[in-house]
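>>> whatever this is, show me its structure:
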Amino acid sequence: MPDPTQFVDLRIRRFVSERLTPAIYREREQLTVTSWDVPGEPVPFAEAVTQQFTPFRVGDEWSRPWGTTWFHITGTVPADWEMTDARVEVLVDLGFVSGHPGFQAEGLVWTPEGHILKAIEPRNTAVPLKIGPGDSIDLYIEAASNPDVQGESVYAPTPMGDLATSGDAPIYRTRVLDIGLRDVPVWELAQDVWTLDGLWRELGEETPRRAEILRGLERLIDTLDPDDISSTAKAGRKVLAPLLASPAYASAHHVVAVGHAHIDSAWLWPVRETIRKCARTFSNVLSLMDENDDFLFACSSAQQFAWMKEHYPDLFERIKVRVLEGRFVPVGGMWVESDTNLPGGEAMARQFVAGKGFFIREFGIEPPEVWLPDSFGYSAALPQIVKAAGSKYFLTQKPSWNETNVMPHHTFNWEGIDGSQVFTHFPPVATYNSVLSQEELHKAQRDYKEKGEANSSLVPFGYGNGGGGPTREMIAAAERTRDLEGSPTVEMTSPQAFFEQAEAELEQPPVWSGEIYLEFHRGTYTSQARTKRGNRRSEHLLREAELWASAATIRTGAAYPYAELESAWQTVLLQQFHDILPGSSIAWVHQVAEEHYERVAGELETLISSALGSLTGAGETALLANAGPYAVDGVPALGGGASGAASGANSGAAPHGAPVTLTRSGDTLVLDNSLVRVTIDADGLVSSLFDVAADRELVPAGERAAELWIYRDTPAQWDAWDIDVHYQRHGRPIRSVDSIEVVSEDADRVVVRVSRSHGSSTFVQELSLSAGRPTLDLTTDVDWHERQKLLKLAFPLDVHAERSSSEIQFGHVNRPIHRNTSWDVARFETSAHRWVHVGETGYGVAVANDSTYGHDVTRTTRESGGTTTLVRESLLRAPTFPDPHADQGRHVLRTSVRVGADVLDAAAEGYRLNVAPRAVTGAAAIEPLLTVDDPAVVVEAVKLAEDQSGDVVVRLYEARGAKARATVTPGFAFESVAETDLLERDVDQTAIVDAEGALALSVRPFQLVTLRFRGVSALR
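Reported below is the predicted structural model:
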């Protein structure tokens, strides 16, 4: 006989859409509506309700892109409405489009007294009210006309991401502002049908359960009266009850369902709108908690809680009650869900200091898990940082987006560069926006890789990215699949409960060692270069401000600027969110970010100037203040003095070596400082980079270095996010020369300027060589006006490297540069912080930068023999979505190439470029606040303790990747010293071997150590 499944399926679909769903509301009547359009940016409730509201007709257009309209809705529940098994609700459709929920119009519903009820979202359009016949309705809706920037595309340019170009024409037309009477049995029946209809579709044709459900759904349709669904709904539910009561298989996969709303702190909307999105989503969550005792909600990002405390204090107090009940669960322990490739080491640590600090102060709660479901890859330094913050667990699902390779585990121990391990889970459901459909639950069961050894996974459910969160329909799905034959079992509980259960199940987890590289979104290392430069600059200004302010407090009694530094850090940490710093947001977001970086820079420069003035005293002696961990040009690390004054283990290159000479031979220029000899040819390119000390040429024959290359950059999707490998087939060098001139020629430094033009852009490079330094310095000044192009700076080197070493937080990661495996092939663009090092046994070269993150490093074999290692920096991109004008305009980028370098030389170069000694005048030199006698042990931060006790906190790490012993000599008196975690709480002593007299440390490779000095005073 023919299979009747298709016919039954069509019958079910039509009955649900034409009969069941329309019957959910027995009655509907339109409300009376007036409105007020906010003329500019959003205003508080108290201001809005005092305005002049005018009559509004449902069906009319409202507001402009990014505008706000306040609707005042009033009415009365009809006296003849039958309330048995029913509930009064307000129904709103602001003109929602078919795109993603949270990416378009939204609303927040208020009472006349200023109490928030809940939000209106595209898939959450009802506001339940506890009222009956004859009762009045009087509510306000704060409606946001946020444009659907993404639409159906992730690459079409749009003007909607910039307030200046989005226009004034309305983009939404209201459809519904009604009072409705929800028929509860009909709604419950609709949820029964949704669950069972989804279940049979996931079961094999051979399973009796599949046929049983199909026949049951068909019997349901036969039972219901299509003209009177309401009166027959209970009978219909009885038909389905046995199907829903049949228990799950004993071996069914167990899903821990965690309510969640991954709210991007900015992306296709500005930060100001994120604040309102949080209020909308959190009010939805609180409303659901009032109705469902088993519902829990996990919320990451202390910043979002802090916004509620500042902007919606009443809502924050309601949240706090649920937090203390254990139902509104803070997770993650970070200030925001940050990127982890690009933030510096200290900034990554401060994400936890700020985030956990907030949760502990406000709620007395410390989240044990790190929650980063959507960041674009995960640094190999992260496991150690997570453990140093006092956390135990890590969660993400982003590697499910990999283009080439599939991660081999879902639950495992992740090992970092120092050997630290953190228990990690990738939800096999492969989304953080689950609706708890049977399709999703079966995907989790089907794909889970630890089958046979463990059987639990986590599913975050709720509408995310733009917010909205879980809905009552999702909770109904969880309840129906708690123990249902044919389905994975579902339990609503907390992330911590899941991790504890998963740990117990998997006694010997597999281990993944090293970075979790995302084989996708590689363009985020480069897009929006100004934002990236602002981040890098801010991180190093914060280092300087904290160091010099600490020294000034200890030595002169100056007040330590706790509040100012905290504010600056919070701004920088917010902007390290994984769609801001990576450069994947709309123009508005990046404009605001860059304004904030300028403000932070000004504030920090003031703090630095004040502190240095206190330390040096009034005077006219020219001094240099060096906040870096290595001496530079004779200026001591973490101190200040005249150039040429320092010596010892932490000294950098001598400030006065042999003079620099410039030789002209036809069109060729040769710069020589007796350490390195640089030949610049007629095209303004480096045809020779000769290490004099090693008697070694570094530019392979026929190659040229410091060469700009431009590539077609048209990824298949995700414009600002992606660089696709096919870009490599569409590049050409920029060799045309407008001019070559020597702009500085003296014994200390020679500078050659090369100007070029290409397309609509101009390029000015300055190549310089300084006395006493084995380093070629380059400054690349670009006026960039290309579209969908990638600009790289290339250095072909005659070095037989098998791997590159790239700086990451508190160390470096080694990556193979061959293409032996699919994992190697997929890693064709990588991130690095201040430097990349390539080398062979006994010899290496460092390429450092002041604001670049994207790199690629490859190796080829020359026909004449030998290998060329090519290091390229990705300087600029020009994507057209979501910001159609990304990276246009002027950029200044600095690079250095140090010959004969090991990884510690590379580290020194990175610090020299990023935190160069600053010129000051005063009466006296600044004695270093502390010294370290081993250059492998690097001081990353010096600050005063977060608790404002006056204790000094010093953060160090081992930088070479080898065990080290070092003596730390503080330039201040102290009573005791202890090792602490990142939150400055004492931990077991692992690095301190002698604290009597000089402080002796023994550190393992890449170990991160935080020291807290108590009872601090100035030396007498």
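>>> pLDDT weak spots in this protein?
1-2, 154, 644-656 (pLDDT under 70).
>>> swap the cut-off to 50 and go again
The model of the chain has pLDDT under 50 over residues 645-654.
>>> figure out how far stretch 362-371 is from the centre of its chain.
19 Å (CA atoms, centre = their mean, to the nearest Å).
>>> contacts for it next, please.
298, 300, 305, 309, 320, 323-324, 329-334, 337, 356, 359-360, 382, 386, 389-395, 422, 495-496, 499 (CB atoms under 8 Å, 6 or more residues apart in numbering). Heads up, the C-betas are built off the backbone N, CA and C, glycines and all.
>>> which of the residues you listed fall within strands?
Those of the contacts of stretch 362-371 mapping onto strands are 298, 329-330, 393-395, 422, per DSSP state E.
>>> any chance of CSV for the residues you listed, columns distance to residue 587 and neighbour count?
Shown next, in CSV, are the ones in strands among the contacts of stretch 362-371 (distance: CB to CB, whole Å; neighbours: other CB atoms under 10 Å):
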residue, distance to residue 587, neighbour count
298, 32, 23
329, 35, 24
330, 32, 25
393, 37, 22
394, 33, 23
395, 32, 25
422, 37, 21
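>>> residue 500: how many residues sit nearby?
15 (other CB atoms under 10 Å).
>>> where do the strands sit along the stretch 501-650 of the chain?
Counting by DSSP state E, counting those that start in this stretch, the stretch 501-650 of the chain has strands at residues 511-513, 621-626, 639-641.
>>> phi, psi for the closest residue to residue 159 other than its chain neighbours please.
Computed as CB to CB, 6 or more residues apart in numbering, the closest residue to residue 159 that is not its neighbour in sequence is residue 165, at 3.9 Å. With angles defined as degrees, to the nearest 10, residue 165 sits at phi -120, psi 0.
>>> and the residue most central in space within the chain, what is it in contact with?
In the chain, the residue lying closest to the centroid (CA atoms, centre = their mean) is residue 578, at 2.2 Å. If you count contacts by CB under 8 Å, 6+ apart, residue 578 has them with 264, 337-339, 372, 374-376.
>>> now do it against residue 277, distance only.
Residue 578 sits 16 Å away from residue 277, going by CB to CB, to the nearest Å.
>>> what of residue 177?
Taken as CB to CB, the span from residue 177 to residue 277 is 22 Å.
>>> before we move on, what about residue 946?
Applying CB to CB to residue 946 and residue 277 gives a distance of 30 Å.
>>> those two: which is more packed in?
residue 277 (28 against 17).
>>> mind checking the SS state of that one?
helix (DSSP: H, G, I helix; E, B strand; the rest coil).
>>> residue 830 - how many residues pack around it?
Neighbours around residue 830, by other CB under 10 Å: 23.
>>> what about the closest residue to it other than its chain neighbours, helix or strand, and which?
Among residues not flanking residue 830 along the chain, residue 855 sits closest, at 5.6 Å (CB to CB, 6+ apart). Using DSSP states H and E, residue 855 maps to strand 854-861.
>>> list buried residues within the contacts of residue 578.
Buried by 16 or more other CB atoms under 10 Å: 264, 337-339, 372, 374-376, out of those.
>>> before we move on, the earlier item: run a quick neighbour tally on the residue nearest to residue 159.
There are 14 residues near residue 165, going by other CB under 10 Å.
>>> likewise residue 66?
23.
>>> these two touch, right, it and residue 147?
Yes. With contact defined as CB atoms under 8 Å, residue 66 counts as touching residue 147 (7.0 Å).
>>> any residues in contact with both of the two?
residue 166.
>>> sorry, back to before: among the contacts of stretch 362-371, name the buried ones.
By 16+ other CB under 10 Å, these give 298, 300, 305, 320, 323, 329-334, 337, 356, 359-360, 382, 386, 389-395, 422, 495-496, 499 as buried.
>>> ok, now how distant is the nearest residue to residue 851 once chain neighbours are set aside from residue 853?
Excluding its sequence neighbours, the residue lying closest to residue 851 (CB to CB, 6+ apart) is residue 533, at 4.0 Å. Separation of residue 533 from residue 853 (CB to CB): 10 Å.
>>> neighbour count winner among these two?
residue 853 (26 against 18).
>>> near the closest residue to that one other than its chain neighbours, how many other residues are there?
Closest residue to residue 853 apart from its sequence neighbours, by CB to CB, 6+ apart: residue 525 at 4.5 Å. For residue 525, the neighbour count with other CB under 10 Å is 26.
>>> please apply the same query to the one 3 residues further on.
Using other CB under 10 Å, residue 528 is surrounded by 27 other residues.
>>> oh, and call the first residue 6 from now on, that's how I've got it
Shifting the count to begin at 6 puts that one at residue 533.
>>> so who does it touch?
With CB under 8 Å, 6+ apart, residue 533 has these contacts: 587-590, 595, 725, 888, 891-892.
>>> and the residues you listed as TSV, adding distance to residue 978?
Formatted as TSV, those follow (distance: CB to CB, whole Å):
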residue	distance to residue 978
587	45
588	47
589	49
590	48
595	47
725	52
888	53
891	52
892	51
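>>> now, those that are in helices?
residue 595 (DSSP state H).
>>> from the contacts of residue 533, which is closest to residue 117?
Within the contacts of residue 533, proximity to residue 117 (CB to CB) peaks at residue 590, which comes in at 36.5 Å.
>>> ok, residue 865 - contacts?
Applying CB under 8 Å, 6+ apart to residue 865 gives the contacts 872-873, 875.
>>> what is the nearest of those to residue 808?
residue 872 (12.9 Å).
>>> residues contacting residue 919?
Taking CB under 8 Å, 6+ apart, one finds 541, 545, 839, 855 in contact with residue 919.
>>> with residue 394 instead?
Here residue 394 is in contact with 338, 354, 357-358, 361, 375, 986-988 (CB under 8 Å, 6+ apart).
>>> how far away is it from residue 243?
Distance from residue 394 to residue 243, by CB to CB: 53 Å.
>>> contacts only, for the closest residue to residue 204 other than its chain neighbours.
Nearest residue to residue 204, sequence neighbours excluded (CB to CB, 6+ apart): residue 443, at 4.7 Å. Applying CB under 8 Å, 6+ apart to residue 443 gives the contacts 200, 203-204, 206-207, 486, 492.
>>> quick revisit: out of the contacts of residue 533, who's nearest residue 37?
residue 590 (39.7 Å).
>>> quick check: the closest one touching residue 888?
Yes. Counting by CB under 8 Å, residue 590 does reach residue 888; the two are 7.3 Å apart.
>>> now the common contact residues for these two.
Joint contacts of residue 590 and residue 888 (CB under 8 Å, 6+ apart) are 166, 533.
>>> between these two, which has more neighbouring residues?
residue 590 (32 against 26).
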